[in-house]
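Undergrad: Predicted model follows, preceded by the sequence.
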Amino acid sequence: MRLTIAGCGDAFGSGGRFNTCFWLETAKGTLLVDCGASALPALKTRGLDPNRIDGIVLSHLHGDHFGGLPFLLLDAQFLARREKPLLIAGPPGTRARLDALLEVFFPKSGGTKWRFPWQVMEVTPGQGAELLGHSLITAEVVHGSGAPSTALRLSDGEKVFAYSGDTEWTDALLPIAREADLFVCECYAYAGKLTGHMTWEILQTKLPALRAKRVMATHMNPTVLAHLDEIRAADVLIAADGLVLEF
C-alpha cells in the first residue's frame, strides 16, 4: 500500500493543514479515506487526480471528514468529466446527510443528471463489508456526530490500513489496530480531559496494547504540534500534508 496524505489537519486547520483526506493506493485500486471540506483543493495541490479514485470511505459525518464530497462530485461532473463509477462507503445515515449537504451547498443539485454512476454503501459498525475487492471492517467509537462514528480497517489481501477516525480512547480500537501494517490514530490534544477526542497523554500509554506494526498520529491541534519531538521519540510517526509512505 502507498499512502499520500492530502490533508491531516483538525477541523480548524491547525498548523495550516488541510482537513483529513488520505489517498490510499492498494493492490486493488485507489481509495480516499475521509473527504474533509478542503479535500478537493488538497488533492489538486498534491497533483492527485480525483478521477483515479475508485471508492471513498468515510469514518464519520462531520464536515472536516465528509464535507468535501459535494465539491468532489460536482468537480467530477462539470470539470473532470468523470465517467467511471464511484462508490462511497460510510456509516448509517451517510446518504441522507450527503443529500442534505448537496442541497445546502448547491440547491437543486440533487436533481443533476449525473454523467457518471455513483452510489452510497452504508456500513453497519461491527459488520464486515466488501469494498471494491477490499475487506472493510468498522467499529463504533466515541465521538458525537449525529450518526455512528467509526474506526475502520481496510485490507487488500496483502496489507492492512487501519484508522481510528475521531474518538476518545475506547477498547473498540484494539481489534481495528491489531497487527495492522499502519494504524493512523487521531491525537487531537496533548493532555487534559476531552470528550470525543484522543490526547497524547492517553495514547502513549495505550501504544503497547494496540499491537500495530506502525502507528501514526494525525488530527493534531497546536498543543500537540508543539510536542512532535516527544511523539517521534516514542516511535510514533507524525502525519503531515504531502507525506508519502509505502508500507
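TA: Done, it's in.

Undergrad: In this structure, which residue is most central in space?
TA: Geometric centre of the chain, nearest residue: residue 34, 3.2 Å, by CA atoms, centre = their mean.

Undergrad: what residues are up against it?
TA: By CB atoms under 8 Å, 6 or more residues apart in numbering, the contact set of residue 34 is 19, 20, 21, 22, 57, 58, 59, 65, 66, 165. The way it works is simple: take the backbone N, C-alpha and C, and place the C-beta from them, glycine included.

Undergrad: Now do it against residue 136, distance only.
TA: 14 Å (CB to CB, to the nearest Å).

Undergrad: so what's in contact with the two at the same time?
TA: By CB under 8 Å, 6+ apart, the residues touching both residue 34 and residue 136 are residue 57.

Undergrad: all helices of this protein, in order?
TA: Counting by DSSP state H, the segments of the chain that form helices are 39-45, 63-66, 69-78, 94-105, 173-177, 200-210, 222-225, 228-233.

Undergrad: most tightly surrounded among those helices?
TA: helix 63-66 (a mean of 23; mean count of other CB atoms under 10 Å).

Undergrad: Which strands and helices lie in contact with it?
TA: helix 94-105 (3 or more CB pairs under 8 Å, 6 or more residues apart in numbering; DSSP states H and E).

Undergrad: Just the strands from the chain, written as ranges.
TA: Per DSSP state E, the chain carries strands over the ranges 2-7, 21-25, 30-33, 55-57, 86-90, 118-122, 129-131, 134-140, 150-155, 160-163, 182-186, 215-218, 237-238, 244-246.

Undergrad: mind listing what the third one pairs with, with the direction of each?
TA: It refers to strand 30-33. strand 21-25 (antiparallel), strand 55-57 (parallel) (DSSP bridges).

Undergrad: Show me where the protein dips below the pLDDT cut-off.
TA: Within the chain, no range satisfies pLDDT under 70.

Undergrad: who's residue 139 bridged to?
TA: Beta-bridge partners, per DSSP bridges, of residue 139: residue 151.

Undergrad: can you count the residues close to it?
TA: When neighbours are defined as other CB atoms under 10 Å, residue 139 has 22 of them.

Undergrad: Would you mind measuring from residue 89 to residue 25?
TA: 17 Å.

Undergrad: These two: who's more crowded?
TA: residue 89 (24 against 16).

Undergrad: The more buried one: what's it in contact with?
TA: 55, 56, 57, 58, 120, 121, 122, 123, 129, 131, 136.
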